[in-house]
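**Q** Predicted model and sequence follow; I will ask about them next.
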Number of protein chains: 2
Amino acid sequence: MPLAIVLVSGGLDSCVVAATAALDHDLAFLHLSYGQRTQERERQAFAAIADHYQVEQRLAVDVSYMQQIGGSSLIDRDLPVPVEHEDTASIPTTYVPFRNANILGIGVAWAETIAARDVFIGAHEIGAAYPDCRQVFFAAYNQMVAAGTRPNHPIQVQTPLIDLDKTAIVRRGLELRAPLHLTWSCYQNQEKACGRCHSCQLRLQGFRAAGLEDPVTYEE
Amino acid sequence: MPLAIVLVSGGLDSCVVAATAALDHDLAFLHLSYGQRTQERERQAFAAIADHYQVEQRLAVDVSYMQQIGGSSLIDRDLPVPVEHEDTASIPTTYVPFRNANILGIGVAWAETIAARDVFIGAHEIGAAYPDCRQVFFAAYNQMVAAGTRPNHPIQVQTPLIDLDKTAIVRRGLELRAPLHLTWSCYQNQEKACGRCHSCQLRLQGFRAAGLEDPVTYEE
C-alpha cells in the first residue's frame, strides 16, 4: 500500500483521519507540539493512537517557535483561553496565525524525505472560522506543493473530514472503529478534560448529537 | 512606510534583498537557523546587517526540526558537503526538502502577527535547481497565502532577486550600498570562508564577473 503521513495531534479529528488513511495506506505519524498548554497530554494520546495502529515511523517535532510569534491564546500563556466561543463569524483568539500552512510544510518535507505520497490532516471547514481550515486554502496549498517539490514524486494533502461536522466525525470514527477512547481534545487541562473550553464543547455536542457517550472522563 | 519582513540568513543575497526592501519599507528581520554547520557565523552576520539598517524588530527562530527530517547534506552532518557542484540540472544534495515553503510559513505567520504587508526572500531561479526557488513556486505560494490568511490583511511574498544571477546581485548590492562586507556565504567553515564549497564558488564567480573584489577573507 502507498505510504501516507498522518498529522496526529492526539485529538478526536486526527484519530478519525488516521482510521480513514489506514483503510488503504501504510501509515507514518507526525506529531507537532507548539508550546500549547496541553502538549504533554496530547503527546501521550498520540503515542497511544500510534500503538493502536502499530505505526513504526513516528516523528514528533517541536515547533515552539510559534510561541515566539504569539498572537494566539493557545500558545500565549498571558491570554485567557475562551471558555465558550460566542461568535463563530469572527476569528477566535485561539487562532495561531498560518498554523496549518506551517504544520503542513513539515508534513510535506517529511513526505519528500520518506517518499510518502499523501499527507492527511483532520481539518474541517464546518464550525471553523480560521482561514487556513477552508477547502479553498487546501486546494491552493496542493498547487503550491506541486510547484515546490520534486516533479518525480507527487505529494497530495488529503482532508477527508473537510465537509463533516463534529457529529459526522464522531459517527465516522465509530464506523471505522477508531480508538476514540484514546483521544484528547481539551485546551485547558492535562488530567481530566474541563468540559467547558471551546474544544470540549464542540466534542461533547458532537457525541450528544450522534446519540453517543463520550468515552473520555470530564471534571465534575 | 509599510512594514516588511526580510528573511535574512546573513548571506550575500539576503543582504541585497534587505537593501532593496529598505528603499520603501520599514524593516523587521527574521533569521532562521536549521542546524546548518555554519549557523553561529550566520547569526553573527544577521546581527551585523540588522545593526547596519537599525532594525529594531528582530526574530531568530530555531527550526532545527529540519535536522530531524534530514535528507540534505547542509543539515545532515553524516553527508559530505559537495565541494563543487558538477551538475546544475540535477537537484544537489544540499537541498533541504521544501525549505522555502517552511521558512516562508514562519515569515507569513509573523507578518500576520505584527501586521507586516510584505515578506522578502532572496531566492533566485538562475543557477538554482531547487524546485522551491522558482518563480512558479512563489506565485503558487502567494495564492496559498491569500487563501490562508485574514482577508483584511493581505500579505505578499516578494522575490526581488528572482531573475538575477550572482553577478547582477553583486552589482545591485553595490548600487544600493548594501553592507556586503558584513555577509557570510560559506557552507563549510565558521572563521574564514573556504572558497571551495558551492556557495563560496558562486559568490566568488559573481564578484569576479562583476569586476569587483569580494570584501570577505578566504582561507589560503
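**A** Yes, it's here.
**Q** What is the distance between the lowest-mean-pLDDT helix or strand in chain A and the centre of its chain?
**A** Counting by mean pLDDT, DSSP states H and E, chain A has its least confident helix or strand at helix A:65-69, which shows a mean of 79. How far helix A:65-69 lies from its chain's middle: 19 Å, per CA atoms, centre = their mean, to the nearest Å.
**Q** now swap in stretch A:36-49 and tell me
**A** Centroid separation between stretch A:36-49 and its chain, computed with CA atoms, centre = their mean, is 12 Å.
**Q** May I ask which helix or strand encompasses residue A:35?
**A** For residue A:35, there is no helix or strand it lies in under DSSP states H and E.
**Q** hang on, it packs against residue A:42?
**A** No. Contact status for residue A:35 versus residue A:42: not in contact, 11.6 Å apart, counting by CB atoms under 8 Å. For glycine as for every other residue, the C-beta is placed from the backbone atoms N, C-alpha and C.
**Q** Pick out whichever of these two has more residues nearby.
**A** residue A:42 (24 against 19; other CB atoms under 10 Å in any protein chain shown).
**Q** Look up the pLDDT of residue A:87 for me, please.
**A** Note for residue A:87: predicted pLDDT of 41.
**Q** no no, residue A:78
**A** 54.
**Q** what's residue A:112 in contact with, if anything?
**A** Applying CB atoms under 8 Å, 6 or more residues apart in numbering or on different chains to residue A:112 gives the contacts A:149-150, A:153, A:155, B:71, B:97-98.
**Q** Over to residue A:52?
**A** A:179, A:182.
**Q** dump the residue contacts of residue A:18.
**A** A:6, A:8, A:27, A:29, A:49, A:53, A:120, A:178.
**Q** Name the next helix or strand downstream of the top helix by length along chain A, please.
**A** With secondary structure taken from DSSP state H, chain A has its longest helix at helix A:99-114. The helix or strand immediately downstream of helix A:99-114 is strand A:118-120, counting by DSSP H and E.
**Q** Show me what counts as buried in that following strand.
**A** For strand A:118-120, a neighbour-count test (16 or more other CB atoms under 10 Å in any protein chain shown) marks A:118-120 as buried.
**Q** Would you mind pulling up the elements that it packs against?
**A** For strand A:118-120, the packing partners by 3 or more CB pairs under 8 Å, 6 or more residues apart in numbering or on different chains; DSSP states H and E come out as strand A:3-7, helix A:12-21, helix A:99-114, strand A:156-158.
**Q** Identify the neighbouring strands of the shortest one in the sheet and state each direction.
**A** Looking at strand A:156-158 with DSSP bridges, its paired strands and their directions are strand A:118-120 (parallel).
**Q** and for the strand it pairs with, what are the contacting residues?
**A** So strand A:118-120 is in contact with A:2-7, A:17-18, A:20-21, A:25, A:104, A:107-108, A:111, A:155-160, going by CB under 8 Å, 6+ apart.
**Q** switch the cut-off to 6 Å
**A** Contact partners of strand A:118-120, identified using CB atoms under 6 Å, 6 or more residues apart in numbering or on different chains, comprise A:4-6, A:17, A:21, A:107-108, A:111, A:156-158.
**Q** Which strand runs longest in chain A?
**A** strand A:26-33 (DSSP state E).
**Q** That one versus strand A:3-7: what angle between them?
**A** 20 degrees (axes from the mean of the first three to the mean of the last three CA atoms, to 10 degrees).
**Q** nearest residue to residue A:167 other than its sequence neighbours?
**A** In space, residue A:167 comes closest to residue A:209 once its chain neighbours are excluded; the distance is 4.0 Å by CB to CB, 6 or more residues apart in numbering or on different chains.
**Q** Mind checking the helices and strands packed on strand A:118-120 for the one nearest to residue B:171?
**A** Among the helices and strands packed on strand A:118-120, helix A:99-114 comes nearest to residue B:171, with 33.3 Å by CB to CB.
**Q** in that closest one, what counts as buried?
**A** A:99-113.
**Q** Repeat that for stretch A:28-48.
**A** Those would be A:28-39, A:41-43, A:45-48, for stretch A:28-48 by 16+ other CB under 10 Å.
**Q** Closest to chain B out of the contacts of residue A:18?
**A** residue A:29 (13.9 Å; CB to the nearest CB).
**Q** Tell me what the closest one is bridged to.
**A** Beta-bridge partners, per DSSP bridges, of residue A:29: residue A:6, residue A:58.
**Q** what's the neighbour count on the residue nearest to residue A:167?
**A** Considering only other CB under 10 Å, residue A:209 is surrounded by 14 other residues.
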